[in-house]
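Undergrad: generate a structure from the sequence data that follows.
(2 chains)
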There are 2 protein chains.
Amino acid sequence: MKLKFLGTGTSQGVPVIGCTCEVCISDNPKDKRLRSSAMITTDQHKKILIDCGPDFRQQMLVNKEDTVDVALITHEHNDHVIGLDDMRPLIFKTGKNMPLYCYQRVGAEVKKRFPYAFADIRYPGAPAFDLHEIENAPFTVLDTEITPVEVIHYKITAFGYKCKNLAYITDAGFILDAEKEKLRNLDVLILNCIRKFDPHPAHFILPDVIKLFEELQPKKLFLTHISHHLGLHDIEDKQLPSGMHLAYDGLEINF
Amino acid sequence: MKLKFLGTGTSQGVPVIGCTCEVCISDNPKDKRLRSSAMITTDQHKKILIDCGPDFRQQMLVNKEDTVDVALITHEHNDHVIGLDDMRPLIFKTGKNMPLYCYQRVGAEVKKRFPYAFADIRYPGAPAFDLHEIENAPFTVLDTEITPVEVIHYKITAFGYKCKNLAYITDAGFILDAEKEKLRNLDVLILNCIRKFDPHPAHFILPDVIKLFEELQPKKLFLTHISHHLGLHDIEDKQLPSGMHLAYDGLEINF
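TA: This is a model prediction of the structure:
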């Protein structure tokens, strides 16, 4: 299996519109961060999308992806769901509703923000979704077992997703001990990291992630959901502990 | 004054994800169409945005724009409003709420889809808007008189906007005679045109636009809100009546 980072940026993306900091004006493609999302390709070439933010269309085009078989949604914040309308071409092509896996709460929010997708009589050209409400227990999609990992994101919970020996966690500010047990000794742990200094109420910052790296001991740890306050990719990546890396848009990991 | 097309595509954009038609695989930048939006720059260098769709962030970055002083919204369909969350960096920079001009109905929809922007206690980092409800009567923003032009878009109305001797109309399928009076003998008329053949319930197609061109006699007419069914820019543009052109992303018009 493989996981490709379609986006590794925080909610405003990098560059931030109008910002002239060294990260936002960097020419390095690794400093251009679309909103966080990832695509898992199974051994049977099926596609599992994690989150569908505002850059979904651009991410599909840039990565020459043309299929999503299932989407897993971590939580309802706009940078993780607002691209759902852009799934229309995929839905029209297959003629099937797009399956979305998420909390009941997240599904209810999706219904509120895309009411035309759930209307009894949908207008021609509206998208169509099948909502699968999940709880904090393993489930199977496309012959692949997925284990949710519940994290605390300011005042709400969000799901990370574990698949085989990889876990993808975004928008966490805190992880309860019971959930940490799912994350010990992984081959690959992906964690959100918004910036280097200055604690954030909803997101891990770099010292939090380094502490978790030491505690959970994954073979490799990749940072995602990164803002322009984390620094330039090429400089910062070298300064991380051995085994830790900044992810970047387009990075692929086999697992 | 000038108007720049930030996007000239229909709701799925061009290319359409996964499509292999000749338009969608064209390498010509004029065949790459982000979702329809335009930026007017006044003689005092103020910026009036028309519509804020899913490509807003990308459009601002590509066009090296870093300011919006006022946004005019044509109607509430997602390809015209779903980018409002991406106005956050502009709002943070100025510390002021972003003024949005639109129908009362459209404002109510914006409130439903972005409730966190209108909450009594907004969370840190939420966008903030001032909704200005307009009716079908001229109004002034930034010392510039704007005249709404009401059009019929399937089962709803939408506003086009006229400024000096230019009018920008998107998502029209029909225009009542009384509103047509505002559109006679313009220097520049911009009209939506989704495809060449096959009537559409909500959008003009090419024969409708040619008929309006003959009837309303603008000096120039530009087509926007174009789908991949209209054909390749360089071939189709040559076949249009003299004075009519396909707009393309990045095109600037002085008026």
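Undergrad: going forward, measure contacts and count neighbours with C-alpha atoms only.
TA: Noted.
Undergrad: now the stretch 51-200 of chain A against chain B: closest residue?
TA: residue A:66 (4.4 Å; Cα to the nearest Cα).
Undergrad: list the contacts of that residue.
TA: Residue A:66 is in contact with A:60, A:90, B:17, B:18, counting by Cα atoms under 8 Å, 6 or more residues apart in numbering or on different chains.
Undergrad: so which bits of the stretch 1-150 of chain A are right by chain B?
TA: A:12, A:16-18, A:54-55, A:57, A:60-61, A:64-67, A:78, A:82-83, A:85-86, A:88-90, A:112-113 (Cα under 8 Å from any Cα of the partner chain).
Undergrad: make it 7 Å
TA: A:12, A:16, A:17, A:18, A:54, A:57, A:60, A:61, A:66, A:86, A:89, A:113 (Cα under 7 Å from any Cα of the partner chain).
Undergrad: Throw those into a markdown table and include pLDDT, distance to residue A:239 and secondary structure, thanks.
TA: Formatted as a markdown table, the residues of the stretch 1-150 of chain A next to chain B follow (pLDDT from 0 to 100; distance: Cα to Cα, whole Å; DSSP: H, G, I helix; E, B strand; the rest coil):
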| residue | pLDDT | distance to residue A:239 | secondary structure |
| --- | --- | --- | --- |
| A:12 | 97 | 25 | coil |
| A:16 | 98 | 24 | coil |
| A:17 | 98 | 28 | coil |
| A:18 | 97 | 28 | coil |
| A:54 | 98 | 31 | coil |
| A:57 | 98 | 33 | helix |
| A:60 | 98 | 32 | helix |
| A:61 | 98 | 33 | helix |
| A:66 | 96 | 37 | coil |
| A:86 | 98 | 38 | helix |
| A:89 | 97 | 42 | helix |
| A:113 | 91 | 41 | helix |
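Undergrad: and the residue lying farthest from the centre of chain A, how far is that from residue A:102?
TA: Within chain A, the residue lying farthest from the chain centre (Cα atoms, centre = their mean) is residue A:121, at 31.8 Å. Counting by Cα to Cα, to the nearest Å, the separation of residue A:121 from residue A:102 is 24 Å.
Undergrad: repeat for residue A:83
TA: 15 Å.
Undergrad: these two: who's more crowded?
TA: residue A:102 (25 against 19; other Cα atoms under 10 Å in any protein chain shown).
Undergrad: for the spatially most central residue of chain A, give me its contacts.
TA: Taking Cα atoms, centre = their mean, the centroid of chain A lies closest to residue A:37, which sits 3.7 Å from it. Applying Cα atoms under 7 Å, 6 or more residues apart in numbering or on different chains to residue A:37 gives the contacts A:5, A:6, A:7, A:8, A:50, A:51, A:52.
Undergrad: apply 8 Å and report the result again.
TA: Counting by Cα under 8 Å, 6+ apart, residue A:37 has contacts A:5, A:6, A:7, A:8, A:49, A:50, A:51, A:52, A:53, A:80.
Undergrad: any idea which element the closest residue to chain B within the stretch 151-255 of chain A lies in?
TA: As assessed by Cα to the nearest Cα, chain B sits closest to residue A:201 within the stretch 151-255 of chain A, at 9.8 Å. Using DSSP states H and E, residue A:201 falls within no helix or strand.
Undergrad: what's near enough to touch the closest residue to it other than its chain neighbours?
TA: Spatially, and ignoring its direct neighbours in sequence, residue A:201 is nearest to residue A:154 (5.7 Å; Cα to Cα, 6 or more residues apart in numbering or on different chains). Residues in contact with residue A:154 (Cα under 8 Å, 6+ apart) are A:173, A:201, A:202, A:203.
Undergrad: buried ones in stretch A:28-47?
TA: A:30-42, A:46-47 (16 or more other Cα atoms under 10 Å in any protein chain shown).
Undergrad: out of those, which comes closest to chain B?
TA: Nearest to chain B out of those is residue A:34 (Cα to the nearest Cα; 9.8 Å).
Undergrad: got the contact list for the closest one?
TA: Applying Cα under 8 Å, 6+ apart, the residues near residue A:34 are A:6, A:7, A:8, A:9, A:10, A:13, A:14, A:55, A:59, A:249.
Undergrad: so for the last one, what's the pLDDT?
TA: In the prediction, the pLDDT value recorded for residue A:249 is 98.
Undergrad: then the fourth one?
TA: In this prediction, residue A:9 carries a pLDDT score of 98.
Undergrad: on the strand side of things, show who it bridges to.
TA: residue A:35, residue A:226 (DSSP bridges).
Undergrad: quick one: contacts for it?
TA: A:33, A:34, A:35, A:36, A:224, A:225, A:226, A:227.
Undergrad: coming back round to it: touching, the residue of the stretch 151-255 of chain A closest to chain B and residue A:173? I think so.
TA: Yes: taking contacts as Cα atoms under 8 Å, residue A:201 lies within contact range of residue A:173: 6.7 Å.
Undergrad: in stretch A:171-190, what counts as buried?
TA: Residues of stretch A:171-190 classed as buried by neighbour count (16+ other Cα under 10 Å): A:171-174, A:182-190.
Undergrad: likewise for stretch A:97-104?
TA: A:97, A:98, A:99, A:100, A:101, A:102, A:103.
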